[in-house]
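# output the structure for:
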Amino acid sequence: MSKKPGQPRGPKIGIEGALELLEALDAKARDRIMGEIQTREPELFEKLKKGLLNIESLLQLEDSEIRQLLQDIPREKWARALRATSPELKQKLLGNLPSRARRELEDLILSIGPQPLSEVRRLQSEIALLAQTRFPKDPKNS
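All right, here's what the predicted structure looks like:
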C-alpha cells in the first residue's frame, strides 16, 4: 500500500512516538510507565529518559547554547524554574553568567517565596522545550 502525496502521515513510531506519548501524560502517569519500562527494558528506558523534556537535559548543552538560552529567557522565569533542579544544573547555568548577573539571579532565586511545584515544573518544561527546539539532540544516537 503506497502513500499518495498530500495524505496525512500515520502516527509516529519508535522512540520518537513513545516520547511524544510520554510527554503528553501527567507526571505521575509518566513516572509509573517509565518505572515499568525501566524494570522490563532498561536499554529502552535509558533512550526514553534521554529524550524526555526535562530541564536536567540542559546539562548536555554546550556553554554557548546555555548562554543563548540565558539571554532569551527572562530572569524571573529562570529563578522560579531553578528552585527544583540539581546543584549541577544550577552551577552550569550560573557559571555561564557574568558575575553581576549571576549574583542577581542567585538573589532572585532566594527572594522568590515558595512556588507551587506544578508551576515550577511547567516553567521547567517550557525551558526544556525551547532548548530542545533550538538545539535538537537525536535520542536514537545518544
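# could I get the full set of helices for this protein?
Counting by DSSP state H, the chain has these helices, from start to end: 14-24, 27-40, 42-51, 63-72, 75-81, 87-95, 99-111, 117-134.
# buried sites along the third one?
Burial within helix 42-51, assessed by neighbour count using 16 or more other C-beta atoms under 10 Å, is assigned to 45, 47-51. All C-beta atoms are positioned from the backbone trio N, CA, C, and that covers glycine.
# and it, what does it pack onto?
For helix 42-51, the elements it packs on are helix 14-24, helix 27-40, judged by 3 or more C-beta pairs under 8 Å, 6 or more residues apart in numbering; DSSP states H and E.
# between these, which gets nearest to Ser57?
Closest of the helices and strands packed on helix 42-51 to Ser57 is helix 14-24, at 11.8 Å (criterion: C-beta to C-beta).
# report the angle between that closest one and helix 42-51.
Interaxial angle, helix 14-24 versus helix 42-51 (axes from the mean of the first three to the mean of the last three C-alpha atoms, to 10 degrees): 60 degrees.
# show me what helix 14-24 is packed up against.
If you count contacts as 3+ C-beta pairs under 8 Å, 6+ apart, helix 14-24 packs onto helix 27-40, helix 42-51.
# which parts of it are buried?
Judged by neighbour count (16+ other C-beta under 10 Å), helix 14-24 contains these buried residues: 15, 18-19, 22.
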